[in-house]
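> return a 3D structure for these sequence lines:
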Amino acid sequence: MPTKRTVNSIIGFLICGWAAASTSLVFWNHKSRTEVPLWFVFVVAGVATCYGFGRAFLGTSFAAFIFFAFLIAPLEPLSYQVGRLNVIYLIAAGAAISYLLSASPRFGKQEEHHIRVVSRREKNPPAAHWTETADSTSRISEDKHEIESV
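Numbers count the residues shown, from 1 in each chain. The predicted structure follows:
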(Lines give C-alpha, C1' and ligand atoms only; values in the text may rest on other atoms or scores of the structure.)
Protein backbone atom coordinates (compact mmCIF):
# COMPACT_ATOMS: atom_id res chain seq x y z
CA MET A 1 0.00 0.00 0.00
CA PRO A 2 1.58 3.30 -1.05
CA THR A 3 2.00 5.96 1.58
CA LYS A 4 0.39 9.40 1.49
CA ARG A 5 3.75 10.96 0.67
CA THR A 6 4.23 8.70 -2.36
CA VAL A 7 0.72 9.38 -3.63
CA ASN A 8 1.22 13.15 -3.22
CA SER A 9 4.52 12.91 -5.11
CA ILE A 10 2.86 11.12 -7.99
CA ILE A 11 -0.05 13.57 -8.04
CA GLY A 12 2.22 16.64 -8.08
CA PHE A 13 4.41 15.09 -10.76
CA LEU A 14 1.40 14.21 -12.93
CA ILE A 15 -0.22 17.63 -12.54
CA CYS A 16 2.93 19.35 -13.82
CA GLY A 17 3.38 16.80 -16.61
CA TRP A 18 -0.24 16.99 -17.73
CA ALA A 19 -0.22 20.80 -17.68
CA ALA A 20 3.03 20.94 -19.66
CA ALA A 21 1.82 18.41 -22.25
CA SER A 22 -1.54 20.11 -22.73
CA THR A 23 0.09 23.54 -22.97
CA SER A 24 2.53 22.17 -25.53
CA LEU A 25 -0.34 20.87 -27.62
CA VAL A 26 -2.23 24.18 -27.43
CA PHE A 27 0.79 26.31 -28.36
CA TRP A 28 2.28 23.89 -30.93
CA ASN A 29 2.05 26.30 -33.89
CA HIS A 30 1.75 29.57 -32.00
CA LYS A 31 4.28 32.34 -32.60
CA SER A 32 4.95 32.88 -28.88
CA ARG A 33 5.67 29.27 -28.00
CA THR A 34 9.14 30.13 -26.71
CA GLU A 35 7.55 32.16 -23.87
CA VAL A 36 5.28 29.35 -22.68
CA PRO A 37 7.79 27.93 -20.13
CA LEU A 38 7.93 31.31 -18.38
CA TRP A 39 4.19 31.26 -17.72
CA PHE A 40 4.34 27.72 -16.41
CA VAL A 41 5.77 29.09 -13.15
CA PHE A 42 2.17 29.72 -12.02
CA VAL A 43 1.42 25.99 -12.22
CA VAL A 44 4.58 25.29 -10.23
CA ALA A 45 3.47 27.78 -7.57
CA GLY A 46 0.13 25.98 -7.23
CA VAL A 47 1.73 22.56 -6.93
CA ALA A 48 4.25 23.87 -4.39
CA THR A 49 1.50 25.38 -2.29
CA CYS A 50 -0.53 22.17 -2.27
CA TYR A 51 2.11 19.42 -2.30
CA GLY A 52 5.45 20.90 -1.20
CA PHE A 53 8.91 21.61 -2.53
CA GLY A 54 10.09 18.19 -3.65
CA ARG A 55 7.00 17.42 -5.68
CA ALA A 56 6.98 20.84 -7.34
CA PHE A 57 10.67 20.62 -8.19
CA LEU A 58 10.27 17.16 -9.74
CA GLY A 59 7.26 18.42 -11.67
CA THR A 60 9.22 21.45 -12.85
CA SER A 61 12.02 19.25 -14.12
CA PHE A 62 9.57 16.97 -15.93
CA ALA A 63 7.73 19.95 -17.44
CA ALA A 64 11.01 21.50 -18.59
CA PHE A 65 11.85 18.24 -20.36
CA ILE A 66 8.43 18.18 -22.06
CA PHE A 67 8.70 21.82 -23.13
CA PHE A 68 12.19 21.33 -24.48
CA ALA A 69 11.31 18.17 -26.38
CA PHE A 70 8.06 19.32 -27.94
CA LEU A 71 8.17 23.13 -28.17
CA ILE A 72 11.78 24.26 -28.25
CA ALA A 73 13.81 21.57 -30.05
CA PRO A 74 12.08 21.75 -33.46
CA LEU A 75 12.65 25.54 -33.77
CA GLU A 76 15.04 27.50 -35.98
CA PRO A 77 18.42 28.46 -34.41
CA LEU A 78 17.53 31.95 -33.11
CA SER A 79 14.26 30.87 -31.53
CA TYR A 80 15.99 27.76 -30.22
CA GLN A 81 18.42 29.89 -28.18
CA VAL A 82 15.61 32.01 -26.73
CA GLY A 83 13.50 28.96 -25.95
CA ARG A 84 16.43 27.16 -24.34
CA LEU A 85 17.06 30.16 -22.07
CA ASN A 86 13.38 30.26 -21.12
CA VAL A 87 13.47 26.59 -20.15
CA ILE A 88 16.53 27.29 -17.99
CA TYR A 89 14.66 30.23 -16.41
CA LEU A 90 11.72 27.89 -15.78
CA ILE A 91 13.94 25.49 -13.85
CA ALA A 92 15.59 28.27 -11.82
CA ALA A 93 12.37 30.14 -11.08
CA GLY A 94 10.49 26.90 -10.43
CA ALA A 95 13.06 25.83 -7.85
CA ALA A 96 12.98 29.21 -6.10
CA ILE A 97 9.21 29.57 -6.11
CA SER A 98 8.60 26.00 -5.03
CA TYR A 99 11.01 26.50 -2.14
CA LEU A 100 9.39 29.76 -1.05
CA LEU A 101 5.78 28.60 -1.38
CA SER A 102 6.17 25.01 -0.26
CA ALA A 103 3.63 23.59 2.14
CA SER A 104 6.22 21.57 4.03
CA PRO A 105 5.98 21.75 7.82
CA ARG A 106 7.95 24.35 9.71
CA PHE A 107 9.47 21.79 12.04
CA GLY A 108 10.52 18.23 11.43
CA LYS A 109 8.88 15.33 13.23
CA GLN A 110 11.59 15.21 15.89
CA GLU A 111 11.25 18.90 16.73
CA GLU A 112 7.44 18.67 16.87
CA HIS A 113 7.66 15.71 19.25
CA HIS A 114 10.17 17.56 21.44
CA ILE A 115 7.96 20.67 21.55
CA ARG A 116 4.92 18.59 22.53
CA VAL A 117 6.81 16.74 25.27
CA VAL A 118 8.32 19.92 26.73
CA SER A 119 4.99 21.76 26.75
CA ARG A 120 3.29 18.76 28.36
CA ARG A 121 5.97 18.62 31.07
CA GLU A 122 5.61 22.33 31.77
CA LYS A 123 1.86 21.96 32.27
CA ASN A 124 2.08 18.77 34.35
CA PRO A 125 5.41 18.41 36.16
CA PRO A 126 6.23 14.79 37.00
CA ALA A 127 5.51 13.67 40.53
CA ALA A 128 8.51 12.67 42.66
CA HIS A 129 8.35 9.84 45.13
CA TRP A 130 10.13 10.15 48.44
CA THR A 131 11.32 7.18 50.44
CA GLU A 132 13.19 7.24 53.70
CA THR A 133 15.89 4.85 54.74
CA ALA A 134 17.68 4.56 58.05
CA ASP A 135 20.67 6.75 57.17
CA SER A 136 19.48 9.04 54.29
CA THR A 137 16.54 10.27 52.29
CA SER A 138 16.37 9.22 48.63
CA ARG A 139 14.35 10.82 45.89
CA ILE A 140 13.34 8.77 42.85
CA SER A 141 12.46 10.85 39.84
CA GLU A 142 10.13 9.28 37.27
CA ASP A 143 11.22 11.24 34.22
CA LYS A 144 14.96 10.48 34.45
CA HIS A 145 14.85 7.16 36.30
CA GLU A 146 17.67 8.23 38.58
CA ILE A 147 18.11 7.95 42.30
CA GLU A 148 19.46 10.95 44.15
CA SER A 149 20.73 10.68 47.71
CA VAL A 150 20.40 13.64 50.06
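
> for this structure, give me the ranges with low pLDDT.
Counting by pLDDT under 70, the ranges of the chain that qualify are 103-150.

> quickly find the element holding the residue nearest to residue 12 when sequence neighbours are not counted.
Nearest non-adjacent residue to residue 12, counting by C-beta to C-beta, 6 or more residues apart in numbering: residue 55, 3.1 Å away. Quick note: C-beta positions are derived from backbone N, CA and C, even for glycine. Assessed by DSSP states H and E, residue 55 sits inside helix 53-67.

> can you name the next helix or strand after that helix?
helix 77-100.

> packing partners of the helix holding residue 55?
helix 4-26, helix 36-39, helix 41-51, helix 77-100 (3 or more C-beta pairs under 8 Å, 6 or more residues apart in numbering; DSSP states H and E).

> can you add mean neighbour count and distance to residue 68 and give the ones you listed back as JSON lines?
As requested, those are exported to JSON lines (neighbours: other C-beta atoms under 10 Å; distance: least, C-beta to C-beta, whole Å):
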{"stretch": "helix 4-26", "mean neighbour count": "16", "distance to residue 68": "10"}
{"stretch": "helix 36-39", "mean neighbour count": "20", "distance to residue 68": "8"}
{"stretch": "helix 41-51", "mean neighbour count": "20", "distance to residue 68": "16"}
{"stretch": "helix 77-100", "mean neighbour count": "16", "distance to residue 68": "5"}
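
> tabulate these (CSV), appending distance to residue 61.
CSV is the format used below for the helices and strands packed on helix 53-67 (distance: least, C-beta to C-beta, whole Å):
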stretch, distance to residue 61
helix 4-26, 9
helix 36-39, 12
helix 41-51, 10
helix 77-100, 7
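
> any idea how far residue 2 is from residue 29?
According to C-beta to C-beta, to the nearest Å, residue 2 and residue 29 sit 39 Å apart.

> more neighbours: those two, which one.
Neighbour count, other C-beta atoms under 10 Å: between residue 2 and residue 29, residue 2 has more, with 9 against 6.

> need the contact list for that one.
Counting by C-beta atoms under 8 Å, 6 or more residues apart in numbering, residue 2 makes contact with nothing.

> on the three-state scheme, it is what?
Secondary structure, DSSP: H, G, I helix; E, B strand; the rest coil: residue 2 is coil.

> residues in contact with stretch 75-92?
Stretch 75-92 is contacted by residues 33-38, 40-41, 60-61, 63-64, 67-68, 71-73 when judged by C-beta under 8 Å, 6+ apart.
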